[in-house]
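[1] Need the 3D shape of this:
(2 chains)
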Protein chains: 2
Amino acid sequence: MADEHTHIVSSFDEELTRLNNIISQMGGLAESQLISSIRSIVKRDSELAEKVILSDQRIDVLEQEVQDFAVRLLALRQPMADDLRQVVTALKLSNDLERIGDLAKNIAKRAQVLNQIPPIRPVQAIPNMAKLAQEIIKDVLDAYIESDAEKAHRVWERDQEVDDMYNSLFRELLTYMMEDPRNITASTHLLFIAKNIERIGDHATNIAETIYYRIKGEDLPGIDRPKNDAANFAVVKPND
Amino acid sequence: MADEHTHIVSSFDEELTRLNNIISQMGGLAESQLISSIRSIVKRDSELAEKVILSDQRIDVLEQEVQDFAVRLLALRQPMADDLRQVVTALKLSNDLERIGDLAKNIAKRAQVLNQIPPIRPVQAIPNMAKLAQEIIKDVLDAYIESDAEKAHRVWERDQEVDDMYNSLFRELLTYMMEDPRNITASTHLLFIAKNIERIGDHATNIAETIYYRIKGEDLPGIDRPKNDAANFAVVKPND
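    Alright, predicted model coming up:
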């Protein structure tokens, strides 16, 4: 009997490990999709952008796998307490990672437009912003694998830097559009790309909040802190 | 014994009903937040916009309630098969509805900017687009309450109309910005507002897909149909 019990317990742990492996795989893919989508802008490489668009499906398939696996685990194993929270956490994380994949795909679609028109200067701010978002994704996944609540907290705080970069780029792009109407199409797509990166940062902070709650059983301190997005909603006027 | 069994079954049904009631309540709030956010643009009413921004928290609280309730149901009742799928469906729906609430809040924030600057003509397209999105939310919630897969399918198809309106508005706004740099700030916020409405439509179609799958046990036909978003990624050039 004791052996049989041990066997069941260890097998559930194995299944949780498998679930975590799929999450890690999704995270790695989301990170690499973001990198490639940005590279397709910087290198003006529309073929790479096309690859990103087609690869998004791999993340979608993994999300479906997490969901099916989690539902099967819930039904067959009927986990309690901490095990149950782990399964629910995996479900939430897979949702955020799938959304990050979607946003990278949207960046790649916009890259294909940008590659048809002359480049404009503010494009240079995009890779820096994306690099930060990518580090945040990487670190938050480490926090998940290591069950490190403090690391999750630190990652969460860094998202403010992404927001600050977005706010300053938003103003710059508006001014740029006002200078010359020929800049408008490119600037508009860059605005949406910057917004997508900002939203990727938001999904990474969601993940940090979910991990923190899962480990500590309470909300991350400062979670109700209002976003510093005032600049984003400021009125920018042309010089006329 | 038979009575006790009946009692347990009926009580689980009661709990599912309570879960569905919270979802309906979330849906009603999401719908009314969208309506108010659009009214705050049309009537240039920044106080109403502020009310929308503050009310978003009510949807967030309900989402947390759904999650806590679902996890408790899973742990205490250990539902199987169809009951389990109902709980997982509720979790997914609450996530989409919370995102719709966030998007309405973002529209209200942008309304407060628009109300500080002179109105521009393309703003008139926004209420029509929002009305369609709102009908889609309403109908998809009806499909949920009535467990009507065919209705979910019909709702899902209507999202194409929202996308078409977005694509035409996108082009119009870009042209408008090119005509006069003084239109740029307002046009940019209208672009993001239109994008938010388009995303609200996407969340409503996610809900339709989830409901269809929950009832039929298979994906909605045509779910892999590519989005007709080509216009959105077209190159618009100024007349120069």
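
[2] where in chain A is pLDDT low?
    A:1-10, A:224-240 (pLDDT under 70).

[3] what about the helices in it?
    For chain A, the helices defined by DSSP state H occupy A:2-42, A:46-77, A:81-114, A:125-145, A:149-179, A:184-216.

[4] Buried residues, the third one. List them.
    When neighbours are counted by 16 or more other C-beta atoms under 10 Å in any protein chain shown, the buried residues of helix A:81-114 are found to be A:83-114. Backbone N, C-alpha and C define where each C-beta goes, glycine included.

[5] filter the residues you listed by proximity to chain B?
    For chain B, the contacts drawn from those by C-beta under 8 Å from any C-beta of the partner chain are A:84-85, A:88, A:91, A:95, A:109-110, A:112-113.

[6] Tell me which two in those are the farthest apart.
    Among these, the pair separated by the greatest distance (C-beta to C-beta) is A:84 and A:113, at 45.3 Å.

[7] In JSON lines: the helices of chain A, plus distance to residue B:127.
    Listed next are these as JSON lines, based on distance: least, C-beta to C-beta, whole Å:
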{"stretch": "helix A:2-42", "distance to residue B:127": "34"}
{"stretch": "helix A:46-77", "distance to residue B:127": "33"}
{"stretch": "helix A:81-114", "distance to residue B:127": "26"}
{"stretch": "helix A:125-145", "distance to residue B:127": "33"}
{"stretch": "helix A:149-179", "distance to residue B:127": "25"}
{"stretch": "helix A:184-216", "distance to residue B:127": "22"}
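
[8] Which of those sits closest to residue B:201?
    It is, among the helices of chain A and with distance given as C-beta to C-beta, helix A:81-114, at 14.8 Å.

[9] Give me the angle between that closest one and helix B:81-114.
    On the basis of axes from the mean of the first three to the mean of the last three C-alpha atoms, to 10 degrees, helix A:81-114 is oriented at 50 degrees to helix B:81-114.

[10] Show me what helix A:81-114 is packed against.
    helix A:2-42, helix A:46-77, helix A:184-216, helix B:46-77 (3 or more C-beta pairs under 8 Å, 6 or more residues apart in numbering or on different chains; DSSP states H and E).

[11] need the contact list for residue A:28.
    By C-beta atoms under 8 Å, 6 or more residues apart in numbering or on different chains, the contact list for residue A:28 reads residue A:141.

[12] ok, now with 10 Å
    Residue A:28 is in contact with A:97, A:137-138, A:141, counting by C-beta atoms under 10 Å, 6 or more residues apart in numbering or on different chains.

[13] With residue A:123 instead?
    Going by C-beta under 10 Å, 6+ apart, residue A:123 touches A:41-42, A:44, A:114, A:173, A:186-187, A:189-190, A:193.

[14] want to throw those residues into JSON lines with distance to residue B:146?
    JSON lines is the format used below for those (distance: C-beta to C-beta, whole Å):
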{"residue": "A:41", "distance to residue B:146": "46"}
{"residue": "A:42", "distance to residue B:146": "50"}
{"residue": "A:44", "distance to residue B:146": "51"}
{"residue": "A:114", "distance to residue B:146": "45"}
{"residue": "A:173", "distance to residue B:146": "46"}
{"residue": "A:186", "distance to residue B:146": "47"}
{"residue": "A:187", "distance to residue B:146": "46"}
{"residue": "A:189", "distance to residue B:146": "41"}
{"residue": "A:190", "distance to residue B:146": "45"}
{"residue": "A:193", "distance to residue B:146": "41"}
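
[15] And the buried ones among those, selectable in ChimeraX?
    Here is the ChimeraX command that selects the buried residues among these (16+ other C-beta under 10 Å):
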select /A:41,44,114,173,186,187,189,190,193
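
[16] and the contacts of residue A:123, which two are the farthest apart?
    Farthest apart among the contacts of residue A:123 by C-beta to C-beta are A:44 and A:173. That separation is 18.7 Å.

[17] circling back to that earlier point, of all the helices of chain A, which one is nearest residue B:217?
    helix A:46-77 (12.3 Å).

[18] That closest one and chain B, any residue contact?
    Yes - using C-beta under 10 Å from any C-beta of the partner chain, helix A:46-77 reaches chain B at A:57, A:64, A:67, A:70-72, A:74-77.

[19] okay but residue A:162 is in contact with residue A:130, surely?
    Yes - counting by C-beta atoms under 10 Å, residue A:130 is a contact partner of residue A:162 at 9.3 Å.

[20] any shared contact partners between these two?
    A:194, A:197, A:200-201.

[21] Format the residues you listed as JSON lines; extra columns: distance to chain B.
    Formatted as JSON lines, the shared contacts of residue A:162 and residue A:130 follow (distance: C-beta to the nearest C-beta, whole Å):
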{"residue": "A:194", "distance to chain B": "11"}
{"residue": "A:197", "distance to chain B": "15"}
{"residue": "A:200", "distance to chain B": "15"}
{"residue": "A:201", "distance to chain B": "15"}
